[in-house]
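Chemist: The following comprises the amino acid sequence and a computationally predicted model.
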Amino acid sequence: MAEHTSSSITIEAAPAEVMGVIADFDRYPEWTGEVKEAEVLAKDDQGRAAQVRLVLDAGAIKDDHTLAYTWTGADEVSWSLVKSQMLRALDGSYRLASLSGGARTEVTYQLTVDVKIPMLGMIKRKAEKVIIDRALAGLKKRVESGHDAGTADEAEKH
């Protein structure tokens, strides 16, 4: 398997609350920064997203791609690229670990990106690290600020 980049962060919330934000793709444009559109194309037999189309604008990288999601229990989700304009591969995962008796969650994000244009491995790893760090910081801020599916109007006021 190709080299990957990973990083972890601790969030002051229960794993179920964190996974609830991760699984709410429709709200990604509200907190991720790079995701401008998110559309769930298919769901699994438990009603979770199985395929999601994402429109990204990360400065130098603008892309419209579709990812396939696999949910493992209540504490892990992984994805792989189905189709893309700019990417050859985009494989990643969020793994959640309960801390402090369930009051806190350690989130580990792992990512492998391969672009269709030639890019040095060192630059690719740096890009992966930036993507991961921004995603984890955004996730932490979103969860800890208490924005859930029921408080969208409140989120728009800030």
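Modeler: Okay, I see it. Remember, predicted model here, so these are calculated numbers, not experimental data.
Chemist: pLDDT below threshold where in this protein?
Modeler: For the chain, applying pLDDT under 70 flags the ranges 1-2, 59-61, 119-124, 147-158.
Chemist: And the helices in it, which stretches?
Modeler: In the chain, the segments counted as helices under DSSP state H are 15-23, 28-31, 121-144, 152-157.
Chemist: how far off helix 15-23 does the longest one point, in degrees?
Modeler: Okay, so that is helix 121-144. Relative orientation of helix 121-144 versus helix 15-23 (axes from the mean of the first three to the mean of the last three CA atoms, to 10 degrees): 120 degrees.
Chemist: Give me the neighbour count for the nearest residue to Ala97 once chain neighbours are set aside.
Modeler: Distance criterion CB to CB, 6 or more residues apart in numbering; nearest residue to Ala97, sequence neighbours excluded, is Glu106 at 4.4 Å. (Each C-beta comes from the backbone N, C-alpha and C, glycine too.) Around Glu106 there are 15 other residues, counting by other CB atoms under 10 Å.
Chemist: give the contact list for Glu106.
Modeler: By CB atoms under 8 Å, 6 or more residues apart in numbering, the residues touching Glu106 are 8-11, 96-97, 99.
Chemist: Now render the helices of the chain as CSV, adding mean neighbour count and distance to Ala38.
Modeler: Output for the helices of the chain, formatted as CSV (neighbours: other CB atoms under 10 Å; distance: least, CB to CB, whole Å):
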stretch, mean neighbour count, distance to Ala38
helix 15-23, 18, 11
helix 28-31, 18, 4
helix 121-144, 16, 13
helix 152-157, 10, 14
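Chemist: Noted, bye for now.
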